[in-house]
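1. 3D, please:
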Amino acid sequence: MKTVRTIAELREAVRAAERPVGLVPTMGALHEGHLSLIRRAREQSATVVVSVFVNPSQFRPGEDFEAYPRNEQRDAEVAEREGAGIVFAPSVEEVYPPGFDTSVQVGALTEVLDGHPAQRGPEHFHGVTTVVTKLFNMVQPDAAYFGQKDAQQAIVLRKLARDLDMPVRIEVCPTVREPDGLALSSRNVYLGPEERERALALSRALRAAEQAVAAGTVEADVVLAAARTELEAAGIEPDYLELRSTNDLSPVERVNGSTLLAVAARVGRARLIDNTVLGGA
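-> Got it, this is the predicted structure:
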């Protein structure tokens with residue numbers, strides 16, 4: 001496995017690699033969720049590129065950019081063990097050189113849920129879509145792999161690739177969870193023992209909504225009430241708890257077809273997100 005730090009080195013390594021090429025973009029602190037993406041990429045690709053880059057442009061002022069967990073050596077070792085052929089670990093200056101002044105934006109999809117101004121804001125997604133566009137241009141992968149836990153991000157990136165005619169297949173892989181249901185996240189390291197126990201209310205809220213739908217409930221307010229009850233029992237006030245269309249993230253009044261239930265909440269220092277798809281895959 002090669003670890004490269006410049007775009008020129010990356011392009012040279014990819015040119016010499018066997019195709020198809022799969023890209024797994026990460027911000028490092030690799031956990032089992034990331035590893036599931038690498039494994040899926042390895043199944044479908046001759047060469048797997050893993051990027052490890054904590055992208056400053058997707059953090060708002062006051063967020064945890066400086067504190068975000070970093071362990072590049074461990075990440076490289078884990079990526080190699082899972083079959084990655086190339087790890088791209090650039091500096092901020094390599095990705096955003098002096099004078100960089102371009103942003104890639106994807107409209108209304110980035111203005112709701114995490115993109116709402118009261119949450120992380122659309123600027124968060126502008127940072128994501130800009131860096132992912134750059135990675136696609138650098139690597140020119142045949143496929144790129146993302147997790148369902150970041151459901152809004154996956155929907156945004158599929159639209160990005162479609163709108164800009166990018167010749168890359170966006171693969172979205174299932175959320176990986178701890179045995180007790182907590183969705184894996186690099187930010188879980190912020191949770192103390194009591195906070196981690198409270199954080200389980202997010203997955204319980206999703207399960208309660210799933211059970212309500214399985215019992216025949218389709219009205220949005222009733223489904224959301226079932227989920228909110230679990231959060232309230234743990235003393236958690238969500239940043240948002242909403243039902244949205246999986247196609248365009250428009251609000252829905254009834255679970256109809258594929259409906260995304262998305263939740264975000266702060267538990268201690270950690271801001272956690274989770275979701276499930278109700279009423280069909």
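
2. going forward, measure contacts between C-alpha atoms and count neighbours the same way
-> Fine.

3. Let me know the secondary structure of residue 15.
-> Using DSSP: H, G, I helix; E, B strand; the rest coil, the three-state assignment for residue 15 comes out as helix.

4. measure it to residue 100 for me?
-> Using C-alpha to C-alpha, to the nearest Å, residue 15 is found at 26 Å from residue 100.

5. Between these two, which is the more surrounded one?
-> residue 15 (12 against 9; other C-alpha atoms under 10 Å).

6. where do the strands sit along the stretch 101-250 of the chain?
-> 143-147, 169-173, 240-245 (DSSP state E, counting those that start in this stretch).

7. My understanding was that residue 48 contacts residue 24; is that so?
-> Yes: using C-alpha atoms under 8 Å, residue 48 is in contact with residue 24, at 7.4 Å.

8. tell me, what's touching those two both at once?
-> 38, 41 (C-alpha atoms under 8 Å, 6 or more residues apart in numbering).

9. higher neighbour count, those two?
-> Between residue 48 and residue 24, residue 48 has the larger neighbour count (other C-alpha under 10 Å), namely 34 against 26.

10. Give the helix, strand or coil label for the more buried one.
-> The assignment at residue 48 comes out as strand when based on three-state DSSP.

11. so where's this protein uncertain?
-> For the chain, the stretches with pLDDT under 70 are 280-281.

12. repeat that with 80
-> Residues of the chain that meet the criterion pLDDT under 80 lie in 257, 280-281.

13. What ranges does it have for its helices?
-> Using DSSP state H, the helices of the chain run over 7-16, 32-44, 72-81, 92-95, 122-139, 151-163, 193-214, 220-233.

14. Distance to residue 247 for those helices - can I get that in a markdown table?
-> Putting the helices of the chain into a markdown table (distance: least, C-alpha to C-alpha, whole Å) gives the following:
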| stretch | distance to residue 247 |
| --- | --- |
| helix 7-16 | 33 |
| helix 32-44 | 23 |
| helix 72-81 | 32 |
| helix 92-95 | 31 |
| helix 122-139 | 17 |
| helix 151-163 | 8 |
| helix 193-214 | 19 |
| helix 220-233 | 17 |
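
15. Distance check, residue 95 against residue 134.
-> As judged by C-alpha to C-alpha, residue 95 and residue 134 stand 8 Å apart.

16. Check this structure and tell me which residue is nearest its centre.
-> residue 150 (3.3 Å; C-alpha atoms, centre = their mean).

17. for that residue, what are its contacts?
-> Residue 150 neighbours (C-alpha under 8 Å, 6+ apart): 273, 274.

18. how about a cut-off of 10 Å?
-> When the contact criterion is C-alpha atoms under 10 Å, 6 or more residues apart in numbering, the partners of residue 150 are 172, 175, 262, 273, 274, 275.

19. now do residue 28
-> 34, 50-54, 68-72, 74-76, 89, 186.

20. and if you look at residue 54?
-> Applying C-alpha under 10 Å, 6+ apart, the residues contacting residue 54 are 26-29, 65-66, 68-70, 89-92.

21. before we move on, back to that, the contacts of residue 28: which two are farthest apart?
-> The distance between the two most remote of the contacts of residue 28 (C-alpha to C-alpha) is 18.3 Å, for 50 and 68.

22. These two: which is more packed in?
-> residue 50 (30 against 15).

23. nearest residue to residue 72 other than its sequence neighbours?
-> Once flanking residues are discounted, residue 72 sits nearest to residue 28: 7.0 Å by C-alpha to C-alpha, 6 or more residues apart in numbering.
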